[in-house]
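In: build me a structure from this.
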Amino acid sequence: MGILPATFLGGITFVSSSGIVARILGDLGRTRDPETKVIVSILVLEDLAMALYLPIMAGGSTLRLAPVAVACVLFLAVAGPLIARFGEPMLERRLSKQT
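Out: From the prediction side, this is the model:
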């Protein structure tokens, strides 16, 4: 199998794993557990990465945008966990003041 088909199949697996994990969390009743926030944050980052990945895989004309997409994904991979870690407590404080 060539690199392009392997990358495409890897992306499909990447997309479907988010839905599977979310479904399992709901089925097991673990949506209120503390670690679920981290898991859902990772799933959201995966979905954001796929928003960049799928257009690149869909057409050859967008391949010239591949370096931009890769840079965005790398940024999200670094900034996302930091935002989730430090932004969530701040957002929670603001929401609790409003109620």
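In: please count neighbours and contacts with C-alpha atoms only from this point.
Out: Will do.
In: tell me the buried residues in the biggest helix by length in the chain?
Out: Determined from DSSP state H, the single longest helix within the chain is helix 66-98. Residues of helix 66-98 classed as buried: Ala69, Val73, Leu76, Ala77, Gly80, Ala84 (neighbour count, 16 or more other CA atoms under 10 Å).
In: look up how far Gly2 lies from Val70.
Out: Applying CA to CA, to the nearest Å, one obtains 20 Å for the distance of Val70 from Gly2.
In: re the thing from before, who does the longest helix of the chain touch, helix- and strand-wise?
Out: With contacts defined as 3 or more CA pairs under 8 Å, 6 or more residues apart in numbering; DSSP states H and E, helix 66-98 has these neighbours: helix 34-58.
In: now do the helix it packs on and helix 66-98, the angle between them.
Out: Orientation check (axes from the mean of the first three to the mean of the last three CA atoms, to 10 degrees): helix 34-58 against helix 66-98 gives 150 degrees.
In: chain center to helix 34-58: distance?
Out: 1 Å (CA atoms, centre = their mean, to the nearest Å).
In: do stretch 70-83 as well
Out: Counting by CA atoms, centre = their mean, stretch 70-83 comes out at 10 Å from the chain centroid.
In: same deal with stretch 82-98?
Out: 19 Å.
In: give me the contact list for it.
Out: With CA atoms under 8 Å, 6 or more residues apart in numbering as the contact definition, stretch 82-98 has outside contacts at Val38, Ser41.
In: returning to what we had before: ok, of the buried residues of helix 66-98, which one's closest to Thr36?
Out: Ala84 (12.4 Å; CA to CA).
In: what about the closest one, distance to Val78?
Out: From Ala84 over to Val78 (counting by CA to CA), the distance is 11 Å.
In: please apply the same query to Thr7.
Out: For Thr7, the distance to Val78 (CA to CA) stands at 22 Å.
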